[in-house]
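Asker: let me see the structure of the following:
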Amino acid sequence: MFQRLDKTLDEFIEMGIPAFDLLVMKDGEQVYRRFEGFSDYENTFPLCGKERYNIYSCSKPITCTAALQLYEKGLFSLDDDLALYMPEFADMKVMNPDGSISYAKNRIKIKHLFTMTGGFDYNMDSSAVKAFKADTKGVCPTRDFMKYLASLPLFFEPGTKYRYSLCHDVLAALVEEISGMRFADYVKKNIFDPLGMVNSTFNLPDSELDTICAQYRSNEEKGVIENVGKRIMWYKLGSEYESGGAGCISTTEDYIKFTEALRCGDIILSKETIDLMSSAQLDKNVDISDMGLDKNGYTMGLGVRCPAADRPDVTDFGWGGAATAYLAIDRKNGISMYFAEHVIGGCNFVQSRALPRMIKDCFGLE
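Answerer: Residues are numbered from 1 along each chain as shown. Okay, the predicted model is just below:
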């Protein structure tokens, strides 16, 4: 039944991928699990299936779920101005096509954070980031960063374009502002603890760094996969910074609990809110080519890729991470999957994104 899936994972090994872990659920039952490789650089400890990974952008659906819990409580509206809660974003400037800078005509709405249409970019080496690190002496509290980010001009009028960006880091700060809790503490109390995700966190102590699976990066120039240490690269600005967009650490067994909760509904979010989250949220005139979602039949929901209106063959929603992790939730067919890997820019990046379609084929589903 899963011969094609096995063959694809065999090819990952042939490509030189040091380790991976794939878990598939169907109608609430585990139907496939395969992990291969080693958890250390010296290749002396085979994977046991309980390894922690830096999941990078697979953090985003968790952050959006946290924010949507507050939405369900009526604590904000998607059409609210962000500045109602974070005043530093009240009078934003925008960079015009000719390079000049003027005040933005549009306000940043909270919905723009979910849909990556807020006008931000993903520059982790900007003047604002450098000043933030210097002024806080490397502590970098999550909420405080927003004052620095708001000092930079936006790259386009909010709501007019899609651009992969720090929008979900801003959303994490919004969770802090509205809940009155540190972001990592909010997620632990309202998502991780209720689901039994005991090995997941946005705030890993240095003393637990050795629990992370070996992390690598593809170096195309050298033609090798190189050891890059176990810390989150780029996105962990300081000791107290909890990146909603890329700061979570989790395991395959933990993360599948999260995907199953969203597949079933009425556990951490209502079915109605998940319907909203997993449906198209962009205006038709918004260009989404920045991430190539449209090439594979997707558009943008509330923090997740979701099926485009003209692609009934696409039935899953989810996201992926820089180290090749990938999640898919197919409520129509009762499937959820999580693929863990720890290679940034892995040579199997494209193939890993085809796993949801391949899994459907294994079950003979359209």
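
Asker: alpha carbons only for contacts and neighbour counts from here, please
Answerer: Will do.

Asker: now stretch 257-273: average pLDDT?
Answerer: The predicted model assigns stretch 257-273 a mean pLDDT of 98.

Asker: give me the helices and strands touching the one helix or strand Ser102 maps to, please.
Answerer: In this assignment (DSSP states H and E), Ser102 forms part of strand 101-103. The contact analysis (3 or more C-alpha pairs under 8 Å, 6 or more residues apart in numbering; DSSP states H and E) places strand 101-103 against strand 93-95.

Asker: please name every helix or strand in contact with the strand it packs on.
Answerer: Using 3+ C-alpha pairs under 8 Å, 6+ apart, strand 93-95 sits against strand 101-103.

Asker: need the residues that contact the strand it packs on.
Answerer: 91-96, 153 (C-alpha atoms under 8 Å, 6 or more residues apart in numbering).

Asker: repeat for stretch 356-366
Answerer: For stretch 356-366, contacts defined as C-alpha under 8 Å, 6+ apart pick out 1-2, 4-5, 313, 316, 328, 333, 337.

Asker: which of these are buried, as a PyMOL select command?
Answerer: This is the PyMOL syntax for the buried subset of those, where burial follows 16 or more other C-alpha atoms under 10 Å:
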select buried, resi 5+316+328+333+337
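
Asker: how about the CA coordinates for the host helix or strand of Pro61, as CSV?
Answerer: Assigned by DSSP H and E, Pro61 belongs to helix 60-72. Below are the C-alpha coordinates for helix 60-72, written out as CSV (Å, rounded to 0.1, in the frame of the first residue of the first chain):
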residue,chain,number,x,y,z
LYS,A,60,3.4,29.5,12.3
PRO,A,61,0.2,27.4,12.5
ILE,A,62,0.8,27.1,16.3
THR,A,63,1.1,30.9,16.6
CYS,A,64,-2.0,31.5,14.5
THR,A,65,-3.9,28.9,16.5
ALA,A,66,-2.9,30.8,19.7
ALA,A,67,-4.2,34.1,18.2
LEU,A,68,-7.4,32.5,17.0
GLN,A,69,-8.2,31.3,20.5
LEU,A,70,-8.2,34.9,21.6
TYR,A,71,-10.3,35.7,18.5
GLU,A,72,-12.9,33.1,19.6
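
Asker: in it, which residues are buried?
Answerer: Buried residues in helix 60-72, counted by 16+ other C-alpha under 10 Å: 60-69.

Asker: report all helices and strands that the worst-scoring helix or strand of the chain on mean pLDDT contacts.
Answerer: One helix or strand of the chain scores below all others by mean pLDDT, DSSP states H and E: strand 224-227, with a mean of 86. Helices and strands touching strand 224-227, by 3+ C-alpha pairs under 8 Å, 6+ apart, are strand 216-219.

Asker: pairing partners for the strand it packs on, with directions?
Answerer: Each strand paired with strand 216-219, and its direction, by DSSP bridges: strand 224-227 (antiparallel), strand 343-344 (parallel).

Asker: rewinding a little: next step: the contacts of stretch 356-366 restricted to helices.
Answerer: 4-5 (DSSP state H).

Asker: how about CSV for the contacts of stretch 356-366, with distance to Glu220 and pLDDT added?
Answerer: Formatted as CSV, those follow (distance: C-alpha to C-alpha, whole Å; pLDDT from 0 to 100):
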residue, distance to Glu220, pLDDT
Met1, 35, 86
Phe2, 31, 93
Arg4, 28, 92
Leu5, 26, 94
Asp313, 34, 91
Asp316, 31, 97
Ala328, 28, 98
Asn333, 38, 97
Met337, 29, 98
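
Asker: quick one on the thing from earlier: of the strands paired with strand 216-219, give the one that comes closest to Lys50.
Answerer: Checking those against Lys50 by C-alpha to C-alpha gives strand 343-344 as the closest, at 17.4 Å.
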